[in-house]
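# My questions concern the predicted model and sequence given below.
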Amino acid sequence: MTSYITDKAYVNGKWLSTGKTFEVYNPFTGEVIGSSADCDGKVAVEAIQAATEAFKTWKELTAKDRAGILKKWAALIVEEKRALGELLTLENGKPLAQSIGEVMFAANFVEWYAEEGKRTYGITIPSPHPSKRMMTIKQPIGVAAMITPWNFPSAMITRKACAALVAGCTVVLKPSEETPYSALALANLAEKAGIPPGVFNVVTTSRENVAEVGKIMCTHPSVAAVSFTGSTATGKILLQHAASTVKKMSLELGGLAPLIVFNSADISNAVKGAMASKFRYSGQTCVCANRILVQSGIHDEFVAAIQKAMEKELVMGHGMQPEATIGPLINEAAVQKVENQVADAVKLGGKVVVGGSRSKIGKNMFEPTLITGVTTSMKCCFEETFGPIAPIIKFETEEEAIAIANDTTSGLSGYVFSGDVSQCWRVSEKIEAGIVSINEGLFSAPETPFGGYKQSGLGREGSIYGMDEFMEVKYICWGI
């Protein structure tokens, strides 16, 4: 694990010292893990120039050749899954079992895209003219700039980067300043797998340099596409920057996912799904259940069941402790946000059934919290929480649930638990979100598209659609 901790960035196949570093912290202990290279705009430009030059040769490789290199990368990630998992836990606090699971998920994206890259088919078009033949081909768009978050610091990289790489694009990546080491570890293994210099670059930055580097990535004329995962507010700023050169933008932004439990639902399965969705990585995911809507006929039974499950299954602790299932939030600001939402809910009439306070077990720890009597006027219903709060909203009718679910500018994901097949169809079609999961709390897979409606983003990641974000469709007309 420690061999992957470095104070260098990775640009043009070289491990680069910048002369200035920033510290990276363990969110559970507050201790310094190490230092990371603090890259400024000059280094970002250097990385973009390297990627631009490397694109000339990388795009000329066959899809099969690119796939072979990526398969080697995937195999190395799997081989190093324990070390990479420990590193991930160290810098973002995720319980080790979840961290290793994420590393394997990251490897799955590399492997899947390595295969799918060989299937970027064009089409032939029936011509309306006897003397013309019409067809399309897909070509790589060019240099792709990527900005990834701290909550999934391995999987979000491979989900974005591998779609671009197999399409024939080159990548300049800026990982979160909270979790640079997971990105650098992947670069280390990419180098060993044989990815050529300049094809995959990692530019690490302190919080002070984020705005400068992000702006350059979105405005530099040699960058053809930008992919960002993060807050909606930041996404809007980057979108404005990218407009200056009309770049292709892929944005995966905030969510406010409703999880709806109807009277006909299997309560034990609904509780299982809610637990998986809500408390994975302490609720710090963009698709976790932010609002849990429970129909009045089973409300009390559901609340009792999820309370029991929370008290039995959620164990707070350091991510390296085998029994821990809930680790720290990423930083003090995250704890304050959750604390504020709980206080607001109580002030407006909500009842804390479980948890509700900071924990002294470690730094940035907050107790898994269950709140009943929640109304849509409370912050936990209209602000993305990114923490372990399960707010329960009681509803009466299907129409009421749909109205509450859609009363937001976000539209990333939603969940429906019901034993009525017709109801599942109706509600899933009416929920205004890019992803709807029926009777299941975990839905992500490399083969499936990930993205949202409304202000939750633009474009899709994963699946056959993921590569389209990094390819241009060229129409070719032949006169004969």
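Done, it's in.

# So E472 belongs to a strand, correct?
Yes: under DSSP: H, G, I helix; E, B strand; the rest coil, E472 falls within a strand.

# Go ahead and confirm it touches K138.
Yes: counting by CB atoms under 8 Å, K138 is a contact partner of E472 at 7.1 Å. (C-beta placed from N, C-alpha, C; glycine too.)

# Which of those two has more residues huddled nearby?
K138 (18 against 15; other CB atoms under 10 Å).

# tell me the contacts of the more buried one?
Residues in contact with K138 (CB atoms under 8 Å, 6 or more residues apart in numbering) are 120-122, 167, 471-474.

# Restricted to buried residues, select those in PyMOL.
In PyMOL, this line selects whichever of these come out buried by 16 or more other CB atoms under 10 Å:
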select buried, resi 120+167+471
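
# Go through the contacts of K138 and name the one nearest Q49.
A167 (20.6 Å; CB to CB).

# Would you map the strands across the stretch 51-200 of the chain?
All strands of the stretch 51-200 of the chain, identified by DSSP state E, counting those that start in this stretch, fall at 124-125, 132-140, 143-147, 170-174, 200-202.

# export the ones you listed to a markdown table and tack on mean pLDDT and distance to I100?
Below are these laid out as a markdown table (pLDDT from 0 to 100; distance: least, CB to CB, whole Å):
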| stretch | mean pLDDT | distance to I100 |
| --- | --- | --- |
| strand 124-125 | 97 | 46 |
| strand 132-140 | 98 | 33 |
| strand 143-147 | 98 | 24 |
| strand 170-174 | 98 | 22 |
| strand 200-202 | 98 | 22 |
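
# nearest to F55, of the ones you listed?
That would be strand 170-174 among the strands of the stretch 51-200 of the chain, by CB to CB, at 4.6 Å.

# starting at the chain centroid, how far to that closest one?
Computed by CA atoms, centre = their mean, to the nearest Å, the chain-centroid distance of strand 170-174 equals 16 Å.

# which residues touch that strand?
With CB under 8 Å, 6+ apart as the criterion, strand 170-174 contacts 44, 47-48, 51-52, 54-55, 58, 142-148, 157, 161, 164-165, 183, 198-205, 210, 213-214, 217, 223.

# Kindly format the C-alpha coordinates of it as PDB.
Provided in PDB are the C-alpha atoms of strand 170-174 (Å, rounded to 0.1, in the frame of the first residue of the first chain):
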ATOM      1  CA  THR A 170      -6.100  10.400 -24.500                       C
ATOM      2  CA  VAL A 171      -6.900  11.500 -20.900                       C
ATOM      3  CA  VAL A 172      -5.800  14.300 -18.500                       C
ATOM      4  CA  LEU A 173      -7.300  13.500 -15.100                       C
ATOM      5  CA  LYS A 174      -7.600  15.700 -12.000                       C
END
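
# buried sites along that strand?
170-174.

# re earlier: looking at the contacts of K138, spot the one nearest I77.
Among those, and counting by CB to CB, the member closest to I77 is A167, at 19.9 Å.

# What distance do you get for the closest one to I292?
39 Å (CB to CB, to the nearest Å).

# chain center to stretch 351-361, what's the gap?
Mean C-alpha position of stretch 351-361 versus that of the full chain (CA atoms, centre = their mean) differs by 27 Å.

# please begin residue numbering at 41 from this point
Done: numbering now begins at 41, and the last item shifts to stretch 391-401.

# Report the buried residues of it.
392-396, 398-399.

# longest helix anywhere in this structure?
helix 136-156 (DSSP state H).

# which residues sit in contact with E156?
Counting by CB under 8 Å, 6+ apart, E156 has contacts 206, 504, 507.

# Which of those fall in helices?
Using DSSP H, those in helices are 206, 504.

# now the contacts of E156 as CSV including pLDDT and neighbour count?
Formatted as CSV, the contacts of E156 follow (pLDDT from 0 to 100; neighbours: other CB atoms under 10 Å):
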residue, pLDDT, neighbour count
V206, 97, 27
I504, 93, 15
M507, 96, 26
